[in-house]
Every structure is written in structure tokens, then in C-alpha cells.
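[1] Need a 3D model of the sequence below.
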Amino acid sequence: MSEVQNRNLPNLLKQLVADGKISSKIAETAVEDAKERKVSITTHLAQKQLVSQTDLALYNSNEYGLSFVDIDSIEIPLDVSTMLSSEMLKKMQLCPIYRMGKALTVALADPIYLSHISDIRFATELVPEPVIVEYTKLQKLLNPEYTEGDTAGLSISSDAAAQDLIVGTAELEQEEDEDDDSGVDVTEFVNELLSHAIKKKVSDIHVEPYEKILRIRFRLDGILQVVSMPPKSIARKMTSRIKVMSQLNSSERRIPQDGRIHFRVSDEKFIDFRVNTLPTLYGEKIVMRILDSDTAALGVDNLGFDPKQKADLLDALDKPDGMILVTGPTGSGKTVTLYAGLNILNTSERNISTAEDPAEIQVPGINQVNVNNKVGLTFAAALRAFLRQDPDIIMVGEIRDLETAEISVKAAQTGHLVLSTLHTNSAPETLTRLINMGVPAFNIASSVHLIVAQRLARRLCKECKILVEKPPAKALIELGFDEGEVDSLAIYEPDGCGQCSNGYKGRVGIYQVMPISAEMEIMIMNDANSLEIADQAVKDNINDLRQSALQKVREGVTSLAELERVTKD
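    Residues are numbered from 1 along each chain as shown. Take a look at the predicted model:
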């Protein structure tokens, strides 16, 4: 088959062909045969045994961003297996396999049946979490008399929801007003979605409309996971509902919008969501970040600093002036670290002001300002106003430009303690970033007292983490462990239980805490580069991010996989 023809194949077949799991000729024939039989391509490949069952499941798992599960490894509780009638499960080609609280893990082999996930939700009043399993194993679970290759009763030509997804169906008609005959109460669905996200302690929710599906994902412990695939027909109504809750213009679909939801959790507690909408090809993608002010109560002891790092941070916070900078990528926990420090400083004797875009964590006793570039309230403008209000401590959400950097440095030099963030990969690179912005080296050397670089790694679940056989000594040494410690190392890996998510529960900070020593000050004024400053940090006995992550592995807090994921740069 030519490359042009290959482009016309469904993504699943493209990947199978590219990896040599199926020939181009068979793939092309499979598309035509599936159309003729009026079945999906996955069902056709499985029934005709054109690809191994495991390969098919794994490739579908990757294509749709769902976890792959081996049903044979799970003992399905009786109360779960009998939750719905066998006739209903056969029709939907789904099977509940595990329940934890309000979450119900649901197995399916063909992603075409994701359209029925909402039916499971409203039949059980639980929150379904779909996973991919092998086709034959699912059929044997739904019908013990099933034999491989059996196609009886599996035609989906009468299933309107599934028919919409069959290979070769007509292009999606994007009408101005979508008809929603799903019967879903969108208001109740959105409220349940937000409540479930709060209970699972996720950081953000992604609502993503595509051509034929609507996908909802949670970011849990830094990793995105699919939690629901409601009917595509509710996408427009769901978007409108979220916009109304966020006080956004629900009729404006052409430009991004930012808003905030003040969501009642109980009579005494509210949780805020920061909402952003983005126009895409098939509707507006919405991301809702959970802003739980309870995280502001996190003490420095709970963030994962080692004793020396903690002592260096507290020493910098105890100084009456100077600058403390926290650096790292988006989502690395910089704001929580800053507020952990502000909590220590937040007393009635101090005047504390913050400028943020936006203020994610609301704390009594701190004067918080949302910057608004549209009306001229920039970080720099807020800083100038702060300096006229007799501040003791100033927190700037991010130093993005020379003007903000210069005002921050001057404030740090004139008796104020300034906390802020930058986006750099390591502590030494932060100094060169400020110089590249145009801040004079002398001002940097005299004002910056401490830089914290950080990442977040998933924490191994204490209930189910398992001691594993260590990799070869050479591999461990290449990762950064000392040759003398390799024999005594205890390496733990995730397993998975009812108390965690795939063997992980929560996150832990990985830090490089770098006080600016007298030697570093001289190097900065002599235009030293980040590599030279990093060498001096080693001489000053400062662990870099990799060394800090290695220590978390030694302590059994995280795994080698997380070590590689968060410190591979």
C-alpha cells in the first residue's frame, strides 16, 4: 500500500502497520471488510484474529490513553460482577471488575463502546473508570460459552451510539446547536465531576472534545488519566454549564477565556477552580485547576526537604531582606513552596503583599493582588504600589521581564524580603537567566540569598510498594549511585492496591537548595556561567536535583522510574 493510502487508515491500523504487527495489504482489506460487516475495526481484527489479542489491547490502550489490565489477574468480587444484568453488559460490551468507594473500574475491549460509560454511571450511581482488556477474555467473561472466533450476536449495526464510530461513517456535522438525546443531566454531571476530582485529590481536570468522542481526564499525582467518556452530544451543554459557573461569556467560542468557579463542598467549605477555555477543531477544550487553600497550610516539614535543605531555607526566610527565588517547570509545586515559606512569616507584626497571575491560594493575613494586564496592573505596577505601602515581605508570582526583575532586586536591596519564581531547569541557571534579562551582575550578587530548584515525583504507596531485585551494579552506578552503596541498596517499585493509583499515592518534592555563598557572589560579578556556578555548588556540598532524587530512592520514597522521569534533563 502506498504512503498516501496509509494516511487514510484509522490511527490504530497505522500504528499496527508501522510496527510490523500487520501488513499494509491486510490492513486495507480489514477496513473494507469491517465496513461490509458493519462492525468496528477493533472488533473485526479481534474476531478474525488478524492481530494478537494482547497487541490489539495494548495499541488501543495507547491510542485512547487508557490503562491496560489483564482480566485473568483480577478476582472480580461477586457484588461487582452482579451489579448489572448480563443482558445489559453484553449489549454494552462492558464489564465492571473492581470497585473502590464511588469509583468503578470498567473493562472493555473495543473503545467504540466508551459511549456506554455514561450508562454505567447512571445505572450504578458510581464514577466509571474505563480500562482496556483483551477481546477474547472479555467475551469469555460476558459469556462463559464463548469460543474464539465466535461472532454471533456481536453485530453493532443497530447501536446508534456505536455506529457513529464505525470506520467509514459520514463526517461529523458541526451544527450550531447540537441535539442532545442522551438523557444526561449536565448540571448534575458537572457537579459530580468536580466533587469526584476533589475527593481524589487531583490537580486539574481536562475536558476535551474530539471529532467523535468527548474525553475527560484527571491529572492525579502529575499523571493524566482518563476517567470518563460521556456522550459527545453533551459537549456543547457541558461547556456552557462550566462557563456559567465560571462567570464567562457562554456565547463567545472564538477566543480563550479565563474564569473561576467557587464550588461548595460542604456548608462550611468551598474549593475554587481556575478555569481556562481554548477553542479547538471540535469544540472548546476546558482545563480546570483545583485551588485548594488547605495546601497553603502545608508546613516545610511536609514538602520533602532534607535536613540541610530545610535549614538553608529557614535561614534565608529569617533574614530581613534579600531575595529568595523558586524555579522549576509549570506544575512543579513552586507556589506551594512559596506559601509554605509565607506561612512561617505570616504574623500580625508583618505586612505581606503578593502579586500573582492569578492568586491560586487564598490566605488570611496576606494582601493578595491579581495582576490584570488589560487595565495596566502588571507585576511591575503592583510592585511599585507595594513599595508605597510600607511592606516587610513581597511575593511576586513570576519574574517575566527586566522591569519586574529590576524593581524586585531594588526592593530586596532596600530592606524588604522578596520571594518569587522563574522558569529555569536548575538553581545555577537562574542566575544566568537574570543576567540575560539585563539585571546587572552586582545587583544580583548583592540581593539574591537563596535559590530553590524543584520537581515533583510520585510517592510510592506505603501499603503496597514491593522490594524488587536490583538492576546490575553497573546500571545503578550509571544512574548516579555510589559504587560502595550498590550492594546494600533496597530498591522499591510500585505494585498497586485499593488505597493508591497504580502503586503511587501523593507526591514528594525533589529539591536543589542553593544558598549564594561568598565565593558564588564573586563568580557572579566576574560573569561566571551556570556550569561554573554548578561546580562551585558541588564544592559547597549542595545536592543537585539528581542527587536529591537518588536520596528519595535510597529512602524507599519513590522508584527508579520516577527518578528518571523527573530528572532526565
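[2] Which residue ranges of the stretch 301-450 of the chain form helices?
    With DSSP state H, counting those that start in this stretch applied, the stretch 301-450 of the chain shows helices at 307-317, 334-345, 379-387, 402-413, 427-437, 441-447, listed in chain order.
[3] The ones you listed into TSV, with extra columns for mean pLDDT?
    Output for the helices of the stretch 301-450 of the chain, formatted as TSV (pLDDT from 0 to 100):
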stretch	mean pLDDT
helix 307-317	94
helix 334-345	90
helix 379-387	90
helix 402-413	92
helix 427-437	93
helix 441-447	93
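[4] will you turn those into JSON lines that also has distance to residue 360 and mean neighbour count?
    For glycine as for every other residue, the C-beta is placed from the backbone atoms N, C-alpha and C. Supplementary listing: the helices of the stretch 301-450 of the chain in JSON lines, determined by distance: least, C-beta to C-beta, whole Å; neighbours: other C-beta atoms under 10 Å:
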{"stretch": "helix 307-317", "distance to residue 360": "20", "mean neighbour count": "16"}
{"stretch": "helix 334-345", "distance to residue 360": "6", "mean neighbour count": "21"}
{"stretch": "helix 379-387", "distance to residue 360": "15", "mean neighbour count": "20"}
{"stretch": "helix 402-413", "distance to residue 360": "19", "mean neighbour count": "20"}
{"stretch": "helix 427-437", "distance to residue 360": "22", "mean neighbour count": "22"}
{"stretch": "helix 441-447", "distance to residue 360": "26", "mean neighbour count": "18"}
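[5] State the number of residues packed around the closest residue to residue 449 other than its chain neighbours.
    Ranked by C-beta to C-beta, 6 or more residues apart in numbering and with sequence neighbours excluded, the top spatial neighbour of residue 449 is residue 322, at 3.9 Å. Neighbour count for residue 322, taken as other C-beta atoms under 10 Å: 19.
[6] Kindly report the same for residue 490.
    Neighbourhood size, residue 490 [other C-beta under 10 Å]: 11.
[7] mind checking the SS state of it?
    State at residue 490, reduced to three classes by DSSP: H, G, I helix; E, B strand; the rest coil: coil.
[8] these two touch, right, it and residue 467?
    Yes - using C-beta atoms under 8 Å, residue 490 is in contact with residue 467, at 6.0 Å.
[9] who's in contact with residue 50?
    Contacts for residue 50 (C-beta atoms under 8 Å, 6 or more residues apart in numbering) come out as 22, 26, 30, 44.
[10] got CSV for those, with secondary structure and pLDDT too?
    Listed next are the contacts of residue 50 as CSV, based on DSSP: H, G, I helix; E, B strand; the rest coil; pLDDT from 0 to 100:
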residue, secondary structure, pLDDT
22, coil, 89
26, helix, 90
30, helix, 89
44, helix, 90
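[11] can I get those residues in a markdown table with distance to residue 509?
    Converted to a markdown table, the contacts of residue 50 look like this (distance: C-beta to C-beta, whole Å):
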| residue | distance to residue 509 |
| --- | --- |
| 22 | 45 |
| 26 | 50 |
| 30 | 49 |
| 44 | 49 |
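[12] Please name the nearest non-neighbouring residue to residue 470.
    residue 491 (5.1 Å).
[13] tally of neighbours for the one you found?
    Neighbour count of residue 491, defined by other C-beta under 10 Å: 17.
[14] got it, and the one 10 residues further on?
    Close neighbours of residue 501, defined as other C-beta under 10 Å, add up to 20.
[15] What are the contacting residues of stretch 236-255?
    For stretch 236-255, contacts defined as C-beta under 8 Å, 6+ apart pick out 177-178, 180, 186-187, 189-190, 207, 209, 214, 230, 257-261, 263, 273, 275, 277, 279, 283-284, 286, 288.
[16] rerun that using 7 Å as the cut-off
    The contact list for stretch 236-255 (C-beta atoms under 7 Å, 6 or more residues apart in numbering) reads 178, 180, 186-187, 190, 207, 257, 259-261, 275, 277, 279, 283-284, 286.
[17] filter these to the buried ones?
    Buried subset of those (neighbour count, 16 or more other C-beta atoms under 10 Å): 180, 186, 190, 207, 257, 259-261, 275, 277, 283-284, 286.
[18] Filter these down to the ones in strands?
    Of the positions in the buried ones among the contacts of stretch 236-255, 207, 257, 259, 260, 261, 275, 277, 283, 284, 286 sit in strands, assigned by DSSP state E.
[19] re earlier: and the residue nearest to residue 449, bridged to which residues?
    Beta-bridge pairing of residue 322 under DSSP bridges involves residue 417.
[20] For it, give me its contacts.
    Residues near residue 322 by C-beta under 7 Å, 6+ apart: 412, 417, 447, 449.
[21] what about 10 Å?
    With contact set as C-beta atoms under 10 Å, 6 or more residues apart in numbering, residue 322 has these partners: 316, 412-413, 415-419, 446-450, 516.
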